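this one's structure only:
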């Protein structure tokens with residue numbers, strides 16, 4: 001079975017990315033305040049509110065794309081890859097869309113053209129290259145020696161891979177809304193504790209849960225979903241990307257909680273991407289570059305992460321574009337939450 005290009009490697013040099021990527025200091029984008037996208041004074045304690053992992057798509061103003069770990073209000077670790085990328089002789093670009101810190105200190109992440117695992121000392125120990133013309137935007141750790149990846153394409157391939165042996169334990173193929181355009185198909189696919197697969201079909205305006213043979217278990221129609229998270233109570237938390245807000249729906253498809261853009265007075269909202277429900281009941285989401293995304297002068301007054309309580313009051317908002325230059329927000333992980341992110345049982 002063809003996986004694309006799978007590498008089990010010890011350094012960035014094995015990926016052909018060069019040693020400079022491993023130790024590069026991210027460039028700092030210029031801050032030009034041309035408008036107000038969030039209140040001048042934000043609630044909460046800024047970088048010190050939570051320890052968190054952070055990564056983002058399409059920070060094209062920098063030559064490096066960077067994953068950050070923030071602890072005690074300051075950067076504790078970062079890892080960068082080049083923005084420009086040459087694949088099969090053609091120039092392309094990378095995006096950091098999905099990133100997770102594991103209990104052993106390793107970080108799994110997607111980079112559009114592939115997916116990787118990097119150690120705390122910045123050695124890439126596993127890498128999967130997407131097949132020609134396909135894209136990888138979703139990776140989930142299943143235990144410490146498996147990953148679940150979604151490769152956009154025709155069809156979309158859902159692969160459970162043993163990262164020690166590179167054996168494919170299972171594959172589920174599903175149809176995309178538009179098979180000819182891999183890029184907008186999906187950003188998040190997750191294996192649930194029940195062994196099903198939850199997919200936010202961004203290009204097909206639906207969230208669908210599949211069994212391990214690709215059969216539909218559950219379906220919910222919603223505009224341009226970017227992320228869908230199965231909660232402990234069985235409900236599903238869904239983000240609306242560029243068109244909607246956030247909804248929590250039950251198994252019957254009934255909305256039990258909703259956050260609309262109009263609930264966030266004073267905050268300009270672009271693409272709502274990653275979302276997480278915290279142990280205290282609050283909801284955190286990433287706000288990806290509103291206004292004209294082609295003009296980075298519009299970015300610096302944007303709040304990148306926003307936390308609301310169940311009553312929809314903003315209790316924390318983060319706006320940090322310079323020290324450190326976090327860049328646009330896509331994937332994040334709050335590191336003060338209970339449990340380990342890789343603890344999803346394997347179902348064979």
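All right, it came through fine. In this text the structure is predicted, and so the values were computed from the model without any measurement.

burial measure for residue 158, as a count.
22 (other CB atoms under 10 Å). For glycine as for every other residue, the C-beta is placed from the backbone atoms N, C-alpha and C.

for residue 199, see how far away it is.
8 Å (CB to CB, to the nearest Å).

what's the overlap in contacts for those two?
Shared contacts of residue 158 and residue 199, defined by CB atoms under 8 Å, 6 or more residues apart in numbering, comprise 150, 174, 189, 210.

please, which helix or strand holds residue 198?
strand 197-201 (DSSP states H and E).

can you give the distance of that strand from its chain's centre?
Averaging C-alpha positions (CA atoms, centre = their mean, to the nearest Å) puts strand 197-201 14 Å from its chain's average.

can you point out the buried residues in it?
197-201 (16 or more other CB atoms under 10 Å).

before we move on, what about stretch 144-154?
For stretch 144-154, a neighbour-count test (16+ other CB under 10 Å) marks 146-154 as buried.

and these as TSV, adding distance to residue 52, secondary structure and pLDDT?
Shown next, in TSV, are the buried residues of stretch 144-154 (distance: CB to CB, whole Å; DSSP: H, G, I helix; E, B strand; the rest coil; pLDDT from 0 to 100):
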residue	distance to residue 52	secondary structure	pLDDT
146	24	strand	98
147	21	strand	98
148	22	strand	98
149	23	strand	98
150	24	strand	98
151	27	strand	98
152	27	strand	98
153	31	coil	97
154	35	coil	96
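
closest one of those residues to residue 37?
Comparing the buried residues of stretch 144-154 against residue 37 with CB to CB places residue 152 closest, at 29.8 Å.

what's the spacing between that closest one and residue 126?
Applying CB to CB to residue 152 and residue 126 gives a distance of 20 Å.

what's the answer for residue 240, then?
Residue 240 is 33 Å from residue 126, where distance means CB to CB.

looking at these two, which is more packed in?
Just comparing residue 240 and residue 126: by other CB under 10 Å the higher neighbour count belongs to residue 240, 24 against 20.

surely that one touches residue 246?
Yes - counting by CB atoms under 8 Å, residue 240 does reach residue 246; the two are 6.7 Å apart.

now do the shared contacts for these two.
residue 272.

residue 171: how many residues sit nearby?
Using other CB under 10 Å: residue 171 sits among 15 other residues.

just residue 254 next, same as before
9.

got it, and residue 264?
20.

what about stretch 183-202, distance to the chain center?
Per CA atoms, centre = their mean, the centroid offset for stretch 183-202 relative to its chain is 12 Å.

how about the shared contacts of residue 158 and residue 199 in TSV, adding distance to residue 327?
TSV is the format used below for those (distance: CB to CB, whole Å):
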residue	distance to residue 327
150	23
174	31
189	24
210	33
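
quick one: which of those is nearest to residue 118?
Nearest member of the shared contacts of residue 158 and residue 199 to residue 118, counting by CB to CB, is residue 150, at 19.7 Å.

tell me the bridge partners for the closest one.
residue 138, residue 158 (DSSP bridges).

which residues does it contact?
136-138, 156-159, 186, 188-189, 199.

so where is the stretch 1-150 of the chain shaky, pLDDT-wise?
Within the stretch 1-150 of the chain, the ranges that satisfy pLDDT under 70 run 1-35.

count of neighbours near residue 205?
What residue 205 shows, counting by other CB under 10 Å, is a neighbour count of 14.

one more: residue 177?
15.

just say helix, strand or coil for it.
Using DSSP: H, G, I helix; E, B strand; the rest coil, the structure places residue 177 in coil.
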